[in-house]
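Visitor: structure for the following, please:
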Amino acid sequence: MEHSYTITGMTCEGCVASVKEKLSKVDGVKDVDVDLEASTARINMEHHISIDDFSAVLPDKYAINESQREIMSSVGEMMGEKSKWAQLRPLFLIFAYLFAASILLNYQNWNLGEAMLDFMGLFYIVFSFFKFLDLKGFPESFRMYDPLAKVLPAYGWVYPFLELGLGLLFLMRIQVTAALIITIVILGLTTIGVIKILLDKKSIRCACLGTALNLPMTEATFIENAIMLVMAFSMLAM
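Guide: Numbers count the residues shown, from 1 in each chain. From the prediction side, this is the model:
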């Protein structure tokens, strides 16, 4: 039998080799395949082995957990697969609130440009808040699909602060042009990574709302970024 697990704490190929060696020594393990980029381990075993047995052989810097795919598979077998709408409901609710807030802030003296700036500012503030809830765990999830975070891990730590700063710039109408250009660059890079994940049909967690909410990487993530990019290009063209 084969099971997939999430491994956190790996930072290099040396970590991969160490984790593979430790897990391979557990009695009953036939084969281990560790993926640094996806932070996962696929373990082929002769019989069921508890996750505690695997945790016991790994150094403290590594943590092993059942992968979301395994959990969803088990739950799906018992209760039926959770619909994509149900999984993404928190994201859609947040977008609805942001659109409503942007409209209410400008309905008396309606100006589409002002409403778009308010939406972008609120978007960054709210999304950075969720990332700050688990500032330690966010970079690990973010680097699984963002091209720059993969090659420059420090970028994952800086990103929540960058979002917060951009949100304040939009809401306070300070250096709006610069904020729009930065938005196009950072969200453009992330969107490239999202498209690659979708095309590869990989099942990973989206870090757009940090790690506080467990959202799957889906077409909705692409749409979320696309909306912000369209607004940024539109504002620059005005």
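
Visitor: buried stuff in the helix or strand where residue 32 lies?
Guide: Under the criterion of DSSP states H and E, residue 32 resides in strand 29-35. Residues 29, 32, 34 are the ones in strand 29-35 that count as buried (16 or more other C-beta atoms under 10 Å). Where you see a C-beta, it was placed from the backbone N, CA and C, and this is true even at glycine.

Visitor: quick check: closest non-adjacent residue to residue 42.
Guide: Nearest residue to residue 42 in three dimensions, chain neighbours excluded: residue 33, at 4.5 Å (C-beta to C-beta, 6 or more residues apart in numbering).

Visitor: what sits against the residue nearest the centre of the chain?
Guide: Nearest to the geometric centre of the chain sits residue 207, at 1.7 Å (C-alpha atoms, centre = their mean). Under the criterion of C-beta atoms under 8 Å, 6 or more residues apart in numbering, the contact partners of residue 207 comprise 131, 138, 141, 142, 144, 145.

Visitor: again, but for residue 224
Guide: Here residue 224 is in contact with 91, 95, 208 (C-beta under 8 Å, 6+ apart).

Visitor: how far away is it from residue 127?
Guide: 9 Å (C-beta to C-beta, to the nearest Å).

Visitor: coming back round to it: what is the rounded mean pLDDT of the strand holding residue 32?
Guide: Mean per-residue pLDDT for strand 29-35: 90.

Visitor: ok, then the element right after it?
Guide: Following strand 29-35 toward the C-terminus (DSSP H and E): strand 40-45.

Visitor: would you mind listing the buried residues in that next one?
Guide: By 16+ other C-beta under 10 Å, the buried positions in strand 40-45 come out as 40, 41, 43, 45.

Visitor: show me which of those is closest to residue 199.
Guide: Nearest to residue 199 out of the buried residues of strand 40-45 is residue 40 (C-beta to C-beta; 18.7 Å).

Visitor: domain ranges for the chain?
Guide: 2-79, 84-237 (automatic domain parsing).

Visitor: return the closest of the contacts of residue 224 with respect to residue 116.
Guide: Closest to residue 116, out of all of the contacts of residue 224 and judged by C-beta to C-beta, is residue 95, at 13.9 Å.
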